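[1] Show me how the following folds:
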Amino acid sequence: MGVAPAPSGPAAEFDQAPTAGPDRAYWLRVARETAEDLATDAVARDQAGKPPFDEVSRLRESGLLTLLVPTETGGGGADWAEAYAVVREIAAADGAIGQLLGCHYFTSWSARFLAGAALAARLERRSAAEQWCWGGGLARQEPALTLVKDTRGYVLNGRQSYAAGVLVADRLAVRAVRADTGEPLALVVDPALAGVVVDGDADPFGQRLAAGGSAEFDAVPVTADDVLGSLSADEDVLSPLTALMSPVGRLLSVQLRLGMAEGVLAEAREYSRTGPSHRHPDWPVGSPQDPQVLTAYGELTVLTRSASALSDEARRAVQGGLAHGEDLTYEEYAEISVLVAMAEAAASRAVQESTARALDIIGARSASARLGFDRFWRNARTHTLYEPVGHRLRDVGDYFLNGAHPPFVLPV
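    Residues are numbered from 1 along each chain as shown. Have a look, this model is predicted:
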């Protein structure tokens with residue numbers, strides 16, 4: 001399998017050595033402080049279900065929105081390892097805000113994979129200066145948005161049925177198909193333009209604060225600078241480095257699931273340590289010795305730690321792929337993509353088991369809306385419905401058995 005030429009995007013400007021920003025310990029401390037702040041009113045905010053403008057302000061004030069932007073263009077100068085750790089920390093406190101932040105990182109960084117270096121740098125510089133929050137999504141959907149040529153250039157039409165962040169975004173990254181050629185393209189759209197209508201019509205039972213909804217586009221003008229690049233899966237167009245945006249984005253979903261699993265276990269553990277046993281009400285408060293409870297915590301800890309280990313392996317592979325740059329091969333990309341698929345499957349099982357069984361561990365008291373344990377299950381189940389892993393397991397099996405490369409699929 002030959003290596004297609006790399007797009008004009010990740011070129012000279014991004015090959016220069018970046019100016020060092022704050023270290024990993026600094027960003028982890030900021031993430032923990034922000035997560036602790038979000039945790040104080042997580043239950044009340046989830047129940048209110050309002051668009052998360054206040055939460056975005058908290059992320060903006062902490063500096064987390066510009067985490068991945070190079071320091072020389074006004075950002076935090078962090079790398080993807082730090083971004084993954086931040087998303088996981090935030091998701092442990094509030095899964096919806098973890099998803100919102102992960103979507104922002106992926107969509108705001110998409111120009112790095114797809115656009116020319118000059119355009120990507122301009123977008124990053126302006127995004128940092130104006131503290132944009134990004135939303136949208138580049139996954140395939142039917143019917144697709146269409147890009148139609150008119151006398152002024154191109155116009156965007158259609159309806160994106162669901163995307164995270166659209167209710168609070170300053171910029172949207174969307175996928176559209178050229179009506180004349182059928183080529184799928186990634187576009188950046190200002191939601192304040194005439195002809196753009198966003199609607200919070202999704203009304204999910206979980207991830208209520210991920211600002212998800214639909215976006216409708218009616219003859220929205222599109223300039224050359226609004227086109228980030230091609231999303232074609234044709235290997236004559238898609239280089240291994242560009243294809244790497246798929247596992248990079250999907251690994252954000254892994255961190256989100258692991259964060260929610262760790263978050264619910266931490267809250268359940270605190271309750272078990274301080275509250276009465278629902279199976280043995282005569283036991284002293286604060287002495288959790290029920291063998292069934294101890295076994296359940298043991299099983300869930302093993303499940304979550306195992307998924308975390310797979311995630312760490314996948315993260316190292318992703319970092320290695322990014323470091324290879326244009327020297328990355330299709331075979332290396334396939335190996336990275338399969339490792340991320342394995343982590344997705346393991347994290348999906350861990351979060352679904354942990355958020356469901358935590359309710360059983362706590363017992364009937366977990367049904368109390370005041371405690372808010374249900375939000376973990378609702379958030380996890382909503383996310384795993386939008387990002388199912390059955391096809392990921394098939395990809396892993398096909399690669400293991402037949403050596404087949406997994407398809408280029410972008411996260412919802």
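
[2] shouldn't residue 315 be in contact with residue 251?
    Yes - using CB atoms under 8 Å, residue 315 makes contact with residue 251 at a distance of 6.4 Å. Where you see a C-beta, it was placed from the backbone N, CA and C, and this is true even at glycine.

[3] Compare those two and say which is more crowded by neighbours.
    For residue 315 versus residue 251, the count of surrounding residues by other CB atoms under 10 Å is larger for residue 251: 28 against 22.

[4] what's downstream of the lowest-mean-pLDDT helix or strand in the chain, the next helix or strand?
    For the chain, using mean pLDDT, DSSP states H and E, the weakest element among its helices and strands is helix 12-15, scoring a mean of 37. Using DSSP states H and E, the helix or strand that follows helix 12-15 towards the C-terminus is helix 24-40.

[5] How about residues contacting that next one?
    55, 58-59, 62-64, 67, 76, 78, 81-82, 85-86, 89-90, 92-94, 97 (CB atoms under 8 Å, 6 or more residues apart in numbering).

[6] Then stretch 175-190?
    Under the criterion CB under 8 Å, 6+ apart, external residues in contact with stretch 175-190 comprise 110-111, 114, 123, 136-141, 144-149, 156, 158, 170-174, 196, 217, 220, 222, 226-232, 410.

[7] Mind giving me the PyMOL command for buried ones among those?
    Here is the PyMOL command that selects only those of the contacts of stretch 175-190 that count as buried (16 or more other CB atoms under 10 Å):
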select buried, resi 110+111+114+123+136+137+138+139+141+145+146+147+156+158+170+171+172+173+174+196+217+220+222+226+227+228+229+230+231+232+410
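
[8] Just the ones of the contacts of stretch 175-190 in strands?
    In this view, the contacts of stretch 175-190 that belong to strands under DSSP state E are 136-137, 145-149, 156, 158, 171-174, 196, 217, 220, 222, 227-230.

[9] quick one: the helix or strand harbouring residue 96 to helix 24-40, angle?
    Following DSSP H and E, one finds residue 96 within helix 95-114. Helix 95-114 runs at 140 degrees relative to helix 24-40, counting by axes from the mean of the first three to the mean of the last three CA atoms, to 10 degrees.

[10] Need the CA coordinates for helix 95-114. CSV is fine.
    C-alpha atoms of helix 95-114 as CSV (Å, rounded to 0.1, in the frame of the first residue of the first chain):
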residue,chain,number,x,y,z
GLY,A,95,-19.1,14.3,31.9
ALA,A,96,-21.0,16.8,29.8
ILE,A,97,-18.4,19.5,30.2
GLY,A,98,-15.7,16.9,29.5
GLN,A,99,-17.4,16.2,26.2
LEU,A,100,-17.8,19.8,25.4
LEU,A,101,-14.1,20.5,26.0
GLY,A,102,-13.0,17.4,24.1
CYS,A,103,-15.1,18.5,21.1
HIS,A,104,-13.5,21.9,21.3
TYR,A,105,-10.0,20.5,21.2
PHE,A,106,-10.7,18.2,18.3
THR,A,107,-12.6,20.7,16.1
SER,A,108,-10.3,23.6,16.9
TRP,A,109,-7.2,21.4,16.0
SER,A,110,-8.7,20.0,12.8
ALA,A,111,-7.0,22.7,10.7
ARG,A,112,-3.7,21.2,11.8
PHE,A,113,-4.5,18.0,10.0
LEU,A,114,-6.4,19.4,7.0
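
[11] Would you mark the buried spots in the helix or strand where residue 57 lies?
    Using DSSP H and E, residue 57 maps to helix 53-62. Neighbour-count burial for helix 53-62 flags 55-56, 59, 62 (criterion: 16+ other CB under 10 Å).

[12] quick one: which of the residues you listed is nearest to residue 333?
    residue 59 (31.2 Å; CB to CB).

[13] Please verify my assumption that the closest one contacts residue 66.
    No - Residue 59 is beyond contact range of residue 66, at 9.8 Å (criterion: CB under 8 Å).

[14] What count of nearby residues applies to residue 326?
    Counted with other CB under 10 Å, residue 326 comes out at 14.

[15] swap in residue 41?
    13.

[16] What does it show for phi and psi?
    Backbone geometry at residue 41, expressed as degrees, to the nearest 10, gives phi -130, psi 30.

[17] what sits against residue 213?
    162-163, 166-167, 198-202.

[18] Much appreciated, bye for now.
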